[in-house]
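Asks: below are the sequence and a predicted model; questions follow.
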Amino acid sequence: MKKEDGATIEKIVSLCKRRGFIFPGSEIYGGLANSFDYGPMGVELKNNIKNAWWKRFVHMRDDMVGIDAALIMNPKVWKSSGHLATFSDPLVECKKCHHRFRADKIESKKCPDCGGEFTQAKQFNLMLKTFLGPVENEESTVYFRPETAQAMFVDFKNVLETSRKKIPFGIAQIGKAFRNEITPGNFIFRTREFEQMEIEYFIKEEDWKTVFEMWRKEMWSWMTDNLGLDKKNIHELDVPKDELAHYSKKTIDFEYDFPFGKDELYGLAYRTDFDLKNHFKEPPYEDIEVKEKFYPHVIEPTWGLDRSVLAVLCEAYKEEAERVVLKLPAKLAPYKVAVFPLLKNKPELVKKAKEVYDLLKKEFTVAFDERGNIGKRYYSQDEIGTPFCVTIDFDTLEKDDVTIRDRDTTKQERVKISDLVKKISESLNA
């Protein structure tokens, strides 16, 4: 992150709590490590990102359908997918303070907390285990899904038969996943409960390079055009062969310059036909034209939703001479417009402001604020990223116009109330 923007992870965390984006989970009971709740502003931002993603990659495409699968699946799914055997990280424990760390993330040979020596590394399975039914035993053991992908493979034939799609086509899903991370941290960057936006795109083997490149460009466009991320802050990492997941033939990580350093934002993988072969004894797809059955290959673009929120907040955070402002893309902003009566103690202004508020909320998410002086109200909306503020003053009562203020430039202009919806709509869609 650019130093002149002033963004540090501490400042982002402070703003998120102060302005209702993200709170520590279970806070009144002392919290729960690495648990976070999205507040009123945060859930709007998060939903706006999800809705933009779903519109772009599902509704606007003829080759895509969506599903919403269960969080807990038959344990045989995870045996077939290889997760029970291979979904693990190397774990070391300090012999002195007993703190645990991922061995591949520790740069020192000594414990960073107390200087003690480490145990030998051992593999730690990241699957989050629970039980179904009244008896807690091996037969009732199940797992919360560590990724959304497997349901799209398991449901492949059902989707195929009901949607009548032909290759190439994709299945999309947004949903929660769970990983018992050894060392979660950096706010919402790495958590044990998180949300993914994911696509499994089914193709013929010979087309994988072309389709992989298509999705690489799509992911770049999403990051810059939809999320408003600066290209200078995004980097591609072609994952080395010895670090690839067991199912992958090629993977690209898209990394972002977070305040705490460059780290993974999204991933794009070529999973070959590994998954469908493990779940289906017979080829699940038939090309009717040539009367051939085969296992489709898969390109998997994956977007972390929580990491998307964090990247958007870090990118948008600006410190200026007299204010902190979130210059969010207008379509992602929790509120699109805020309405203020100039004075709270003037009933005629408050009444007129309520009328304008009722007019605008038919079209946009709108805030109404009558507290404190007008300057403080402007700065409050700046901190949550509201693109426009509309003020009702005494001239409004005579001329039926209002003052509209732009968040980014702070410039103000008078607009007729009858033109207000059109004016804001055009600005949001510019």
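Replies: Perfect, thanks for sending it. Numbering: from 1, shown residues only.
Asks: quick check: which element contains the closest residue to Ala70 other than its chain neighbours?
Replies: Using CB to CB, 6 or more residues apart in numbering and skipping residues adjacent in sequence, the residue nearest Ala70 is Ala151, 7.2 Å away. The C-beta positions use only the backbone N, C-alpha and C, and glycine is treated the same way. If you go by DSSP states H and E, Ala151 is part of helix 149-154.
Asks: can you name the element that comes right after that helix?
Replies: By DSSP H and E, the next helix or strand past helix 149-154 is helix 156-163.
Asks: quick one: buried residues of that following helix?
Replies: The neighbour-count check on helix 156-163 (16 or more other CB atoms under 10 Å) flags Phe156, Val159, Leu160 as buried.
Asks: let me know the average pLDDT across the helix holding Ala151.
Replies: Confidence for helix 149-154, expressed as mean pLDDT, is 96.
Asks: contacts for stretch 106-115, please.
Replies: Contact with stretch 106-115 is made by Val92, Cys94, Lys96, Cys97, His99, Phe101, Gly116, Glu117, Phe118, as judged by CB atoms under 8 Å, 6 or more residues apart in numbering.
Asks: who wins for neighbours among those?
Replies: Val92 (23 neighbours; other CB atoms under 10 Å).
Asks: ok, the nearest residue in space to Glu181 that is not next to it in sequence - contacts?
Replies: Take Glu181 and drop its neighbours on the chain: the residue closest to it by CB to CB, 6+ apart is Arg192, 5.4 Å away. Listed by CB under 8 Å, 6+ apart, the contact partners of Arg192 are Asn34, Ser35, Leu128, Phe178, Arg179, Asn180, Glu181, Pro184.
Asks: what is the nearest of the residues you listed to Trp78?
Replies: Checking those against Trp78 with CB to CB, the nearest one is Leu128 at 11.2 Å.
Asks: what sits opposite the closest one in the beta ladder?
Replies: Beta-bridge partners recorded for Leu128 (DSSP bridges): Phe144.
Asks: pLDDT score for the nearest residue to Phe340 once chain neighbours are set aside?
Replies: Excluding the flanking residues, the one nearest Phe340 by CB to CB, 6+ apart is Thr391, at 4.8 Å. Looking at Thr391, its pLDDT stands at 97.
Asks: sheet partners, orientation included, of the stretch of helix or strand Thr391 belongs to?
Replies: Assigned by DSSP H and E, Thr391 belongs to strand 388-392. Partners of strand 388-392 in the sheet, by DSSP bridges, are strand 337-341 (parallel), strand 401-406 (antiparallel).
Asks: closest one to Lys165 among these?
Replies: strand 337-341 (40.1 Å).
Asks: which residues are contacting the closest one?
Replies: 349-350, 352-353, 356-357, 360, 364, 366-370, 374, 377, 381, 386-392, 424.
Asks: how close does Val356 get to Lys362?
Replies: Per CB to CB, to the nearest Å, Val356 is found 11 Å from Lys362.
Asks: of these two, give the one with the bigger neighbour count.
Replies: With neighbours defined as other CB under 10 Å, Val356 and Lys362 compare such that Val356 has more, 22 against 8.
Asks: just confirm the more buried one is within a helix.
Replies: Yes - judged by DSSP: H, G, I helix; E, B strand; the rest coil, Val356 forms part of a helix.
Asks: what's the burial count for the closest residue to it other than its chain neighbours?
Replies: Distance criterion CB to CB, 6+ apart; nearest residue to Val356, sequence neighbours excluded, is Val339 at 5.4 Å. Residue neighbour count, defined by other CB under 10 Å, stands at 27 for Val339.
Asks: distance of Val339 from Thr251?
Replies: Taken as CB to CB, the span from Val339 to Thr251 is 48 Å.
Asks: now the strands for the stretch 1-150 of the chain?
Replies: Ranges of strands within the stretch 1-150 of the chain are 22-24, 36-38, 64-66, 72-73, 88-93, 100-102, 122-125, 128-131, 141-144, based on DSSP state E, counting those that start in this stretch.
Asks: of all the ones you listed, which one comes closest to Gly6?
Replies: Set against Gly6 and scored by CB to CB, the strands of the stretch 1-150 of the chain come closest in strand 22-24, at 19.1 Å.
Asks: for the closest one, give me every contacting residue.
Replies: Val13, Cys16, Lys17, Gly31, Ser35, Phe36, Asp37, Tyr38, Gly39, Gly42, Phe187, Ile188.
Asks: and if we set it to 6 Å?
Replies: Residues outside strand 22-24 that contact it (CB atoms under 6 Å, 6 or more residues apart in numbering): Cys16, Lys17, Gly31, Phe36, Asp37, Tyr38, Gly39, Gly42.
Asks: return the list of strands paired to that strand, each annotated with direction.
Replies: strand 36-38 (antiparallel).
Asks: okay, and the helix or strand of the chain with the least pLDDT?
Replies: strand 122-125 (a mean of 78; mean pLDDT, DSSP states H and E).
Asks: let me see the contact set for the residue nearest to the spatial centre of the chain.
Replies: Geometric centre of the chain, nearest residue: Leu305, 1.5 Å, by CA atoms, centre = their mean. By CB under 6 Å, 6+ apart, the contact set of Leu305 is Glu195, Met197.
Asks: separation between it and Ala311?
Replies: For Leu305, the distance to Ala311 - CB to CB - is 11 Å.
Asks: follow-up on the earlier one: wait, the residue nearest to Ala70 sits on Ala69?
Replies: Yes - Ala151 lies in contact with Ala69 (CB atoms under 6 Å); the separation is 3.3 Å.
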